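Visitor: predicted model follows, preceded by the sequence.
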Amino acid sequence: MTSQYDLLLLGAGLANGLLALRLKALQPQLRVLVLDAHAHAGGNHTWCFHEEDLSAAQHQWIAPLVAHRWPHYEVRFPALTRQLNSGYFCVTSARFDEVLRATLGDALRLNHTVASSGPDHVQLASGEVLRARAVIDGRGYQPDAALQIGFQSFVGQEWRLSQPHQLEGPILMDAAVDQQGGYRFVYTLPLSPTRLLIEDTHYINDASLATAQARQNICDYATRQGWQLESLLREERGALPITLAGDFDRFWHHRAPCVGLRAGLFHPTTGYSLPLAATLADALAAEADFSPEALAPRIHRFAQAAWRKQGFFRMLNRMLFLAAEGDRRWRVMQRFYGLPEGLIARFYAGRLTLADRARILSGKPPVPVLAALQAILTHPSGRRASR
């Protein structure tokens, strides 16, 4: 039977949305359909990235998605407050949904639940069967025993204030707060003079986070900052995977073509996924063969290259999660944010040099030396780490 489509993209989240936009721009002749079970593309999320995370060309094509941008950001710790003069950008799910609808038109089908899928077809809950040369799954992170992970769990609330907040830029981390048993910080984005996104964020060992406590934390933090909360506009919750170690080959064994968090394509320490999603979208949109036989190995090679580059970050994650006591994990991050600004930018972009790595590890570690060595050499399970 002749395929109805060249590509079926399952999930209208960040990775598939960027891929669909890139294919539309570079290969408009392709028959691409994006399917999602929800009423809006992008769900209820906020995605951010740093200026150095993307190339100039990527900034250009992603620009329509950017709802907010700032020339600098701030971090706060018990013994360090610092402004970093690096551009910071925000993509909201509302803007993402608006752009995808306008650009893709009928190629975006929302409120369609996928019952099952194969390499070249999808069956919807309605019983309708759609066929394609290939299917790409971008429906978010799935737990996998091949990976040892912690979590960046958060509750974020967007508030309208009764008085201006006076912030000139984002506060990416305010860790001068009660740690509550893990590395905790408050993340704040000024969306207008009287509108703030405030997130209570915890680096913890599992995905669970007490929502009621997080909401109270946000209100308490706003009170301490002198912000007068007037009306709650929306709330988002999430748990981003933070990779400590794992077996890449086992993770990818029999894995169908996939992108985004489902493919393990995210910064292992921050959980940011937009830069890798944009880079993969560029790579795939430049190809001509979208058969499953060509597509699966191509994505596999991309993910494998990313995994190999991230070994140092996974080691740092083990030091944060395994070597530092919960309430003292902030010391690791405070020390890091005292390093040169260029190094910090390259860290976020995942492009550390050998000199950068040496600088990060030099000097007295902010955790016990023996615990640091054990964390470097072992998995949470006690086995030697596979890097």
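Guide: It's in.

Visitor: centroid residue for the protein?
Guide: residue 272 (2.8 Å; C-alpha atoms, centre = their mean).

Visitor: residues contacting that residue?
Guide: Contacts for residue 272 (C-beta atoms under 8 Å, 6 or more residues apart in numbering) come out as 47-49, 53, 266, 348. All C-beta spots, glycine's among them, are computed from the backbone N, C-alpha and C.

Visitor: make it 7 Å
Guide: Residues in contact with residue 272 (C-beta atoms under 7 Å, 6 or more residues apart in numbering) are 49, 266.

Visitor: all the strands of the stretch 51-200 of the chain, in order from the start?
Guide: Taking DSSP state E, counting those that start in this stretch as the test, the strands found in the stretch 51-200 of the chain are 66-70, 73-77, 80-84, 88-92, 108-109, 114-118, 121-124, 129-137, 147-161, 171-174, 183-192, 195-204.

Visitor: and among these, the most buried is which?
Guide: Of all the strands of the stretch 51-200 of the chain, strand 195-204 has the most neighbours on average by mean count of other C-beta atoms under 10 Å, namely a mean of 23.

Visitor: that one to strand 147-161, inter-axis angle?
Guide: Orientation check (axes from the mean of the first three to the mean of the last three C-alpha atoms, to 10 degrees): strand 195-204 against strand 147-161 gives 160 degrees.

Visitor: thinking residue 131 is in contact with residue 8, fair?
Guide: No - counting by C-beta atoms under 7 Å, residue 131 sits too far from residue 8 to count as a contact (8.3 Å).

Visitor: so where's the stretch 1-150 of the chain shaky on pLDDT?
Guide: 1-3 (pLDDT under 70).

Visitor: what residues of stretch 294-303 count as buried?
Guide: Neighbour-count burial for stretch 294-303 flags 295-296, 298-300, 302-303 (criterion: 16 or more other C-beta atoms under 10 Å).

Visitor: same list (the strands of the stretch 51-200 of the chain) but as JSON lines, adding distance to residue 243.
Guide: Listed next are the strands of the stretch 51-200 of the chain as JSON lines, based on distance: least, C-beta to C-beta, whole Å:
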{"stretch": "strand 66-70", "distance to residue 243": "27"}
{"stretch": "strand 73-77", "distance to residue 243": "23"}
{"stretch": "strand 80-84", "distance to residue 243": "24"}
{"stretch": "strand 88-92", "distance to residue 243": "23"}
{"stretch": "strand 108-109", "distance to residue 243": "31"}
{"stretch": "strand 114-118", "distance to residue 243": "26"}
{"stretch": "strand 121-124", "distance to residue 243": "29"}
{"stretch": "strand 129-137", "distance to residue 243": "20"}
{"stretch": "strand 147-161", "distance to residue 243": "5"}
{"stretch": "strand 171-174", "distance to residue 243": "20"}
{"stretch": "strand 183-192", "distance to residue 243": "16"}
{"stretch": "strand 195-204", "distance to residue 243": "13"}
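
Visitor: and those strands: which comes nearest residue 331?
Guide: Nearest to residue 331 among the strands of the stretch 51-200 of the chain is strand 73-77; the distance by C-beta to C-beta comes to 8.5 Å.

Visitor: what does the lengthiest strand in the chain contact?
Guide: Taking DSSP state E as the criterion, the chain has its longest strand at strand 229-246. Strand 229-246 is contacted from outside by 44-46, 141, 146-162, 203, 207, 211, 219, 222, 268-269, 271, 314, 317-318, 321, 379-380, 385-386, using C-beta under 7 Å, 6+ apart.
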